[in-house]
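Participant: Sharing a model that was predicted from the sequence below.
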Amino acid sequence: MDKKNAELTVKIIAILGYIAAGLAILGGLMVIFFGRGLGIMYSTSMALVGARAVMLAILMVIAGIIGIFVSKALWTHKNWARIVVIIFSALGILSSLVRLSRGVIGGIIGIVIYGAIIYFLAFDKTIMHLFK
């Protein structure tokens, strides 16, 4: 792979990170602002479900904010961001394997995407030289 294609590949991975971070923030904010109906769906008390939903939503927003910073660092070829993305992609493969064991077809898609990200960031020599 030449340097131009390597830079494009890293930018595509960073854009995927931006999209995932934006969706996490949007999902968290939707639960915070529109989550009142969650208590109706469950048999437990409204306060308990609401508290759990708000805690999850806050974690989603925090994860999204961290994702934006990691994606920005990946865009500018920071080596620590490459390592973080490789680690989270490995965790994504494990999560996809669990989904696959439950019969969810999305597990295959996750394995392919996370596997490609790991391959490019961890094993492609041209991309690795961008981060040095």
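Facilitator: Cool, the structure landed.

Participant: okay, CA-based contacts and neighbour counts for the rest of this
Facilitator: Will do.

Participant: longest helix of the chain?
Facilitator: Across the chain, the longest stretch assigned as helix under DSSP state H is helix 3-34.

Participant: what's in contact with stretch 9-25?
Facilitator: 60-68, 70-72, 74-75, 117, 120-121, 127 (C-alpha atoms under 8 Å, 6 or more residues apart in numbering).

Participant: how far away is residue 72 from residue 34?
Facilitator: Distance check for residue 72 against residue 34: by C-alpha to C-alpha, to the nearest Å, it reads 29 Å.

Participant: Between the two, tell me which one has more neighbours.
Facilitator: Between residue 72 and residue 34, residue 72 has the larger neighbour count (other C-alpha atoms under 10 Å), namely 18 against 10.

Participant: Can you say which helix or strand has that one in it?
Facilitator: In the assignment (DSSP states H and E), residue 72 maps to helix 46-75.

Participant: so what's residue 129 up against?
Facilitator: For residue 129, no contacting residues are found, by C-alpha under 8 Å, 6+ apart.

Participant: Good, we can wrap up now.
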